[in-house]
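S.K.: based on what follows, work out the 3D shape:
(one chain, ligands or ions: 1)
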Amino acid sequence: MVVIPEINQHITTVKNLGSGLVAVFGTNSPSLPITIGGTSGIGLSTAREFTRYAAAPHVYLIGRNEAQASEFISELNTINESATVSFIKSDVSVLKNVDVACQEISKKESKVNLLFLSAGIFTTKGRTETSEGIDKKLSLHYYSRVRFIQNLLPHLSQAASSGGLARVISVLGPSTEGKLIEDDLDLRTHYSLTNAATHAVTMTSLSMIHLATANPTISFIHSAPGGVKTNLMRDFNPLAKGLVSGILALLTPVHSKIGIIPVKDSGERHVYAATHPAFAPREEHVETMGADGEKGSGAYRVHYDSSIVESKMDLIKDYLSKGTVKTVWDHTLEVINKATGN
Ligand SMILES: NC(=O)c1ccc[n+]([C@@H]2O[C@H](COP(=O)([O-])OP(=O)(O)OC[C@H]3O[C@@H](n4cnc5c(N)ncnc54)[C@H](OP(=O)(O)O)[C@@H]3O)[C@@H](O)[C@H]2O)c1
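M.R.: Coordinates of the predicted model:
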């Protein structure tokens, strides 16, 4: 565990990474405090803390709500007058929209230092297909995020080749990986909320190993945020929201012990993961996917307390030895190619 004073001490040094860092946040939600007392999402909190500490950063926020984004942009410009903040309006559950958003970024930037992926939904609905025939939850939590990475890899490589920071963070749930249904990875016939969660998380961890191995100058971080008070339950009915809110309030004295952390701490911890040398890309294979891991390269699974996730390493090793990383990657490309036409 890395304690908060250490996190805070480190993030004040982010300005030393140089002027003009480019960061893309695949989320913009200044969530309203209507659910469990949260005032913002993890992506928003990370964008805020990154903007606070970086020197003249270029920050891109991608999301659907323009009105809320413009309020947030004003806030970021107040926090750091040297920041350039842009908003791209997009429903990124549709992969073709991801392409358009990335094209917009490419027009202005040749390098990207940080790609932060946290767009997501918490829903009890079953399989709900996007116009491209992908389940919306699987798309937001996995395929769309891989498409962002794929599109912006040249920009991340460019940042790395000029000696700069080059990292991708996907916020989801390492430590909850599980058994994949390998002949139905996109869950056309085996859909359940549990399977959707397991597949998105497991495919993220495996794809990050593939990406880190193929791109050794870039770090790929799969983050488990813990329980963060955000607006993630916005689609739940008021009773369920009230119930969760009540339970969380009762648990307040033990929040830190059970992994429930304030959204500001989450933002700060994600800036730490995005910038600390502990999560730098590594040319040689090191044990970063877990204490007992192998072939980690620059792929990291990181806990809410900023330590490396150690659980489920046997499962990941098993998938590595069976060639499942390739199976998952080939499948991912097939789904993306079918949706985008290239
Ligand atoms: N909070 C937790 O305790 C927790 C725990 C474990 C894992 N996670 C994971 O962490 C990620 C971030 O969660 P969070 O708590 O920050 O949630 P959040 O506050 O609800 O933020 C999620 C973001 O996703 C965006 N989004 C949703 N659908 C979108 C779409 N179709 N197109 C573009 N943007 C979309 C939302 O923006 P708009 O609605 O404004 O478009 C919002 O900015 C999620 O994947 C979640 O599963 C969270």
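S.K.: which secondary structure elements does the helix or strand encompassing Lys96 contact?
M.R.: Taking DSSP states H and E as the definition, Lys96 sits inside helix 95-108. Helix 95-108 is packed against strand 58-63, strand 84-89, helix 144-161, helix 324-340, with contacts defined by 3 or more C-beta pairs under 8 Å, 6 or more residues apart in numbering; DSSP states H and E. The C-beta positions use only the backbone N, C-alpha and C, and glycine is treated the same way.
S.K.: could you give the angle of the first one to helix 95-108?
M.R.: Yep, that's strand 58-63 we're talking about. When axes from the mean of the first three to the mean of the last three C-alpha atoms, to 10 degrees is applied, the directions of strand 58-63 and helix 95-108 differ by 160 degrees.
S.K.: please see if strand 58-63 touches the ligand.
M.R.: Yes: Strand 58-63 is in contact with the ligand by C-beta under 6 Å from any ligand atom, via Gly63.
S.K.: try the longest one
M.R.: No: residues of helix 144-161 are not located near the ligand by C-beta under 6 Å from any ligand atom, the shortest gap being 8.0 Å.
S.K.: run through who's touching that helix.
M.R.: The contact list for helix 144-161, computed with C-beta atoms under 8 Å, 6 or more residues apart in numbering, reads 22, 24, 26, 92-95, 98-99, 102, 105-106, 109-113, 115, 117, 119, 165-168, 170, 204, 207, 211, 215, 217-218, 220, 281, 332, 336, 340.
S.K.: let me know whether Arg301 touches Ser205 as I believe.
M.R.: Yes: counting by C-beta atoms under 8 Å, Arg301 touches Ser205, with 6.2 Å between them.
S.K.: so what pLDDT did the nearest residue to Lys96 once chain neighbours are set aside get?
M.R.: The spatial neighbour of Lys96 that comes closest, neighbours along the chain excluded (C-beta to C-beta, 6 or more residues apart in numbering), is Thr340 at 5.6 Å. For Thr340, the pLDDT comes out at 97.
S.K.: and the residue of the stretch 51-200 of the chain closest to the ligand?
M.R.: Gly120 (2.3 Å; C-beta to the nearest ligand atom).
S.K.: neighbours around that residue, how many?
M.R.: Gly120: 24 surrounding residues under other C-beta atoms under 10 Å.
S.K.: and it, how close does it get to His270?
M.R.: Computed with C-beta to C-beta, to the nearest Å, the distance linking Gly120 and His270 is 14 Å.
S.K.: if we can go back for a sec, can you tell me which of the contacts of helix 144-161 are buried?
M.R.: Neighbour-count burial (16 or more other C-beta atoms under 10 Å) is assigned, among the contacts of helix 144-161, to 22, 24, 26, 92-95, 98-99, 102, 105, 109, 111-113, 115, 117, 119, 165-168, 170, 204, 207, 211, 215, 217-218, 220, 281, 332, 336, 340.
S.K.: hang on, isn't the residue nearest to Lys96 packed against Leu95?
M.R.: Yes: in this structure, Thr340 sits in contact with Leu95. The criterion is C-beta under 8 Å, and the distance is 5.1 Å.
S.K.: can you tell me the element whichever residue of the stretch 151-300 of the chain sits closest to the ligand falls in?
M.R.: Residue nearest to the ligand within the stretch 151-300 of the chain: Thr230 (3.3 Å; C-beta to the nearest ligand atom). Assigned by DSSP H and E, Thr230 belongs to neither a helix nor a strand.
S.K.: and the one 10 residues further on, by the same measure?
M.R.: Secondary structure here is read from DSSP H and E; on that basis Ala240 sits in helix 238-250.
S.K.: ok, Glu71 next?
M.R.: Secondary structure here is read from DSSP H and E; on that basis Glu71 sits in helix 66-79.
S.K.: can you name every helix or strand that that helix contacts?
M.R.: helix 42-53, strand 58-63, strand 84-89.
S.K.: hmm, who's touching it?
M.R.: 28-30, 44, 47-48, 51-52, 59, 61, 63, 83, 85, 87, 89.
S.K.: from those residues, which has minimum pLDDT?
M.R.: On pLDDT alone, Pro30 ranks lowest of the contacts of helix 66-79, at 43.
S.K.: can you pull out the low-pLDDT segments for the stretch 1-150 of the chain?
M.R.: Residues of the stretch 1-150 of the chain meeting the criterion pLDDT under 70: 27-40.
S.K.: swap in the stretch 201-342 of the chain?
M.R.: In the predicted model, the stretch 201-342 of the chain carries pLDDT under 70 at residues 231-236, 283-297.
S.K.: how about the helices in it?
M.R.: Counting by DSSP state H, counting those that start in this stretch, the segments of the stretch 201-342 of the chain that form helices are 238-250, 263-275, 313-322, 324-340.
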